[in-house]
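In: quick one: sequence and predicted model below, then my questions.
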Amino acid sequence: MESQTFQSLLDQLKTKTELVKLGGGTKRISKEHEKGKLTARERIQYLIDKDSDFLEVGAFAADGMYEEEGGCPSAGVVTGIGYVKGRMVVIVANDATVKAGAWFPMTAKKNLRAQEIAMENHLPIIYLVDSAGVFLPMQNEIFPDKEHFGRQFRNNAKMSAMGIVQIAAIMGSCVAGGAYLPIMSDEAMIVDKTGSIFLAGSYLVKAAIGESVDNETLGGATTHCEISGVTDNKYDTDQDCLDAIRDIFDKIGANPTAGFDRGEPKDPKISGDELLEVFPMERVKPYDMLDVISGLVDGGEIEEYKKDYGKTLICGTARIDGWAVGIVANQRKIVKTAKGEMQMGGVIYSDSADKAARFIMNCNQRKIPLVFLQDVSGFMVGSKAEHGGIIKDGAKMVNAMANSVVPKFTIVLGNSYGAGNYAMCGKAYDPRLIYSWPTAQMAVMSGASAAKTLLQIKVASLKKKGKEISETDEKELLDEITNKYNEELSPYYAAARLWVDGVIDPRETRNVISMGIAAANHAPISERFNVGVIQT
């Protein structure tokens, strides 16, 4: 029964993925083809090496958002990590089928996330530009702030100083402030007749200074390759331009690596389909996280650290697709301490937090990347936990994790509640990649707890205003609050806002982590691990 329920979630994931991949729809795709252009996804598919993986980042960005504006699938831009001529790169491709590639607030956030990945991992980045610029009705949410549109040009400059290769191809419109992105790259190419670049289009030029000029003369390929020198070379078709990018990467030299250890990959102990069987759909049902780990790590083998201490967190070293990793995972079964006390699964206790902090320090000393597997309800509460110093021990774990210099990767399997999200390396703590399973839920607390708390607040507020609340009224309010809160718990709600990089089939987890470590291996560790002050 559970596998069938899981299958329905996977079917939903497949349907939603297929829908966002259509971008602005089949009619818009046909219009791009009529112009002789490839779509954003077709360009990426042509550019990357045949039969190689492309790890998409932010596929569900803006999902369910901007509905009044007609929606913005994938935030109007496709981003991810792939291979070009055997070299790992970050690719950013504007989707002109979605509002002509215009920038919405989430478009900016997603572009900055792609640049962040390139900067953290010292990966070259390729921009396939085809955008009408800022979506003007929402300019106040995208223009001036630190994490808005202009930040990408700051990142261009920073990446240039870091020696990160940036290649831009103008394959459609490139207007206003957006014109700086390709020209701040190391090399800028343009497709003849379809590519154009200018600070102001012909209509705005006419309005501003009274000059009548067509867009091709103003900022087409011939103008910028033969007169202004703004772009380096022009190409007849999208394919020719993409071939030129591949030629560039065919000749780029190698950089130093971080030196993470990789052995011969082995299959997990259990298959991907069996992995779905061992993970229960019922959130309150205990299960052994070691069973899940056996479906993720090579040979199902993990060498546990302090196996008999702090049992609600599993810490240990293993290999995933050959890469050495340190795993920190919430144990969901009820465990028994040496004193005979029972501890709830999925809750972080003082001894668990202390163990995790020490383990994280060891992984940093040994240069082993960290993988966090989240199914966490939070830290233990109550007088016994408080008297035992749960806040102090939790702070140790957060401090060690936050100051970690080895790359961190987070997979949200089930619950991700409250401070547990933080301690287990949520988005605020800079995981190199963070993905969730379709079973994930992310919030300050569980839906049931939150709904009851919010109901009490609402009822108290209404009573203060002199309103009588019947049992029926309370039930209706509870249902309304519960439905709203449950919607916000959805992994797609989190993915839409880039709290996670995407929602994946659990069977893809190994590949996501493997590609993430391969990317991180491009960036040598230059910082020394230092946790600062930790109370003992």
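Out: Alright, I've got the coordinates. Numbers count the residues shown, from 1 in each chain.
In: can you spell out which helices and strands pack onto the worst-scoring helix or strand of the chain on mean pLDDT?
Out: When the helices and strands of the chain are compared on mean pLDDT, DSSP states H and E, helix 447-464 comes out lowest with a mean of 76. Packing partners of helix 447-464 (3 or more CB pairs under 8 Å, 6 or more residues apart in numbering; DSSP states H and E): helix 471-489. All C-beta atoms are positioned from the backbone trio N, CA, C, and that covers glycine.
In: send the alpha carbons of the helix it packs on over as PDB?
Out: Output in PDB follows, covering the C-alpha atoms of helix 471-489 (Å, rounded to 0.1, in the frame of the first residue of the first chain):
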ATOM      1  CA  GLU A 471     -17.900  24.200  17.900                       C
ATOM      2  CA  THR A 472     -18.900  24.300  14.200                       C
ATOM      3  CA  ASP A 473     -17.100  27.700  13.700                       C
ATOM      4  CA  GLU A 474     -14.000  26.300  15.400                       C
ATOM      5  CA  LYS A 475     -14.000  23.200  13.100                       C
ATOM      6  CA  GLU A 476     -14.400  25.400  10.000                       C
ATOM      7  CA  LEU A 477     -11.600  27.700  11.200                       C
ATOM      8  CA  LEU A 478      -9.400  24.600  11.900                       C
ATOM      9  CA  ASP A 479     -10.000  23.200   8.500                       C
ATOM     10  CA  GLU A 480      -9.200  26.500   6.800                       C
ATOM     11  CA  ILE A 481      -6.000  26.900   8.800                       C
ATOM     12  CA  THR A 482      -5.000  23.300   8.300                       C
ATOM     13  CA  ASN A 483      -5.500  23.400   4.500                       C
ATOM     14  CA  LYS A 484      -3.500  26.600   4.100                       C
ATOM     15  CA  TYR A 485      -0.700  25.300   6.300                       C
ATOM     16  CA  ASN A 486      -0.500  22.000   4.600                       C
ATOM     17  CA  GLU A 487      -0.100  23.800   1.200                       C
ATOM     18  CA  GLU A 488       2.900  25.600   2.700                       C
ATOM     19  CA  LEU A 489       4.400  22.300   3.900                       C
END
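In: name the next helix or strand downstream of it, please.
Out: Scanning forward in sequence from helix 471-489 by DSSP states H and E, the next helix or strand is helix 491-496.
In: how about the helix or strand containing Glu18, which residues are buried there?
Out: Here Glu18 sits within helix 2-20, counting by DSSP H and E. Within helix 2-20, the residues that count as buried by 16 or more other CB atoms under 10 Å are Phe6, Leu9, Leu10, Leu13, Lys16, Thr17, Val20.
In: got a list of what the closest residue to the fourth one other than its chain neighbours touches?
Out: Spelled out, that is Leu13. Of all residues not flanking Leu13 in the chain, Pro438 sits nearest, at 5.2 Å (CB to CB, 6 or more residues apart in numbering). Residues in contact with Pro438, defined by CB atoms under 8 Å, 6 or more residues apart in numbering, are Phe6, Leu9, Leu10, Gln12, Leu13, Pro491, Val503, Asp505.
In: doesn't Leu13 make contact with the last one?
Out: Yes - checked against CB atoms under 8 Å, the pair Asp505 and Leu13 is within contact range at 6.5 Å.
In: from what I can see Gly219 touches Phe198, true?
Out: Yes - contact criterion CB under 8 Å: Gly219 and Phe198 qualify, at 3.4 Å.
In: the two: who's more crowded?
Out: Counted by other CB atoms under 10 Å, Gly219 and Phe198 do not tie: Gly219 has more neighbours, with 27 against 22.
In: mind listing what that one touches?
Out: Per CB under 8 Å, 6+ apart, neighbours of Gly219: Ser196, Ile197, Phe198.
In: redo those residues as a markdown table? Include distance to Gly272, pLDDT and secondary structure.
Out: Converted to a markdown table, the contacts of Gly219 look like this (distance: CB to CB, whole Å; pLDDT from 0 to 100; DSSP: H, G, I helix; E, B strand; the rest coil):
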| residue | distance to Gly272 | pLDDT | secondary structure |
| --- | --- | --- | --- |
| Ser196 | 46 | 93 | strand |
| Ile197 | 46 | 94 | strand |
| Phe198 | 50 | 90 | strand |
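In: how many residues are close by the closest residue in space to Ser294 that isn't next to it in sequence?
Out: Excluding the flanking residues, the one nearest Ser294 by CB to CB, 6+ apart is Gly300, at 3.6 Å. When neighbours are counted by other CB under 10 Å, Gly300 registers 17.
In: doesn't Asp267 make contact with Gly300?
Out: No - if you go by CB under 8 Å, Gly300 and Asp267 don't touch, sitting 9.0 Å apart.
In: so where do the helices sit in the stretch 251-400 of the chain?
Out: 272-278, 289-293, 350-365, 383-387, 390-402 (DSSP state H, counting those that start in this stretch).
In: of those, which approaches Glu67 most closely?
Out: Between Glu67 and the helices of the stretch 251-400 of the chain, the shortest separation by CB to CB is 32.5 Å, and it involves helix 272-278.
In: what residues sit buried inside the closest one?
Out: Neighbour-count burial for helix 272-278 [16+ other CB under 10 Å]: Gly272, Leu275, Leu276, Val278.
In: now stretch 186-205
Out: 186-192, 194-198, 200-202, 205.
In: repeat that for stretch 28-40.
Out: Going by 16+ other CB under 10 Å, stretch 28-40 has these buried residues: Arg28, Ile29, Glu32, Lys37, Leu38, Thr39, Ala40.
In: relative to Gln239, how far out is the fifth one?
Out: It stands for Leu38. Distance, Leu38 to Gln239, using CB to CB, to the nearest Å: 8 Å.
In: could you do the second one as well?
Out: Taking CB to CB as the measure, Ile29 and Gln239 are separated by 17 Å.
In: cool, thanks, signing off.
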